[in-house]
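Visitor: sequence and computational prediction follow.
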Amino acid sequence: MNTKTTTKPAKTAAASPFDAFSFPTSAFEFPTAFRELAEKSVSQVRDTYAKMRTAAEDATDLMQGTLESAREGTFALSLKAVDVAKSNSDASFALVRDLFSAKTLSDVIELQSAYARKQFEAYASQFKEIQELTEKLVTETTKPVTERVEKTFKELNVA
């Protein structure tokens, strides 16, 4: 009996260099509770981001409005200061002109007394106008901030 045994030749096909990393994978799923927690966390992060973005945009708008009010108020106050300086300078030059035309010492004293009375009234009026402009500047500049703070406290009381 002659038995012939044949052996099958071994496979010599070239192996891919990535075959070493091809592991059999199982159909592993994260537990439902873990997945829900992750989804809830992502949702909370998105909500928090949206709130922070809205707050930043509101703060930017608030600052722009506040700065614009401050700019306008400061400009009006500066114009008033220039007007006051011009008015007072004109009054001083008018006094000097009148003093040069005075004939007697009593004319000089009378001119200076009239000037002092007139300027005292002018200074009081000018001070009042500058005070009103300053109050308006402060009120208009702080108004948006005050309103926002009040709104925030009302929202916190509701929540």
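Guide: Here it is on my side, so go on.
Visitor: output the contacting helices and strands for the one helix or strand residue 82 maps to.
Guide: Of the helices and strands defined by DSSP states H and E, residue 82 is found in helix 32-100. With contacts defined as 3 or more Cβ pairs under 8 Å, 6 or more residues apart in numbering; DSSP states H and E, helix 32-100 has these neighbours: helix 105-158. C-beta coordinates here come from the backbone N, C-alpha and C atoms, glycine included.
Visitor: could you give the average pLDDT over the helix it packs on?
Guide: The average of the pLDDT scores along helix 105-158 is 90.
Visitor: which helices and strands does that helix pack with?
Guide: With contacts defined as 3+ Cβ pairs under 8 Å, 6+ apart, the secondary structure elements packing on helix 105-158 are helix 32-100.
Visitor: quick one: the helix it packs on to chain centroid distance?
Guide: From the chain centre to the centre of helix 32-100 is a distance of 7 Å (Cα atoms, centre = their mean, to the nearest Å).
Visitor: same check on stretch 143-154?
Guide: 14 Å.
Visitor: got the buried residues for that stretch?
Guide: Neighbour-count burial for stretch 143-154 flags 144, 148 (criterion: 16 or more other Cβ atoms under 10 Å).
Visitor: contacting residues around the most centrally placed residue in the chain?
Guide: Centroid-nearest residue in the chain, with Cα atoms, centre = their mean: residue 63, separated by 2.8 Å. The neighbours of residue 63, taking Cβ atoms under 8 Å, 6 or more residues apart in numbering as the test, come to nothing; the list is empty.
Visitor: again, only using 10 Å
Guide: Contacts of residue 63 were listed using Cβ atoms under 10 Å, 6 or more residues apart in numbering, and they are 144-145.
Visitor: contacts only, for residue 107.
Guide: Contacts for residue 107 were tallied using Cβ under 10 Å, 6+ apart; they are 98-99, 101.
Visitor: ok, now residue 98?
Guide: Listed by Cβ under 10 Å, 6+ apart, the contact set of residue 98 reads 107-108, 110-112, 114-115.
Visitor: what about 6 Å?
Guide: residue 111 (Cβ atoms under 6 Å, 6 or more residues apart in numbering).
Visitor: also the one 4 residues further on?
Guide: In this structure, residue 102 makes contact with residue 108, judged by Cβ under 6 Å, 6+ apart.
Visitor: for it, helix, strand, or coil?
Guide: Each residue gets one of three states, and residue 102 gets coil by DSSP: H, G, I helix; E, B strand; the rest coil.
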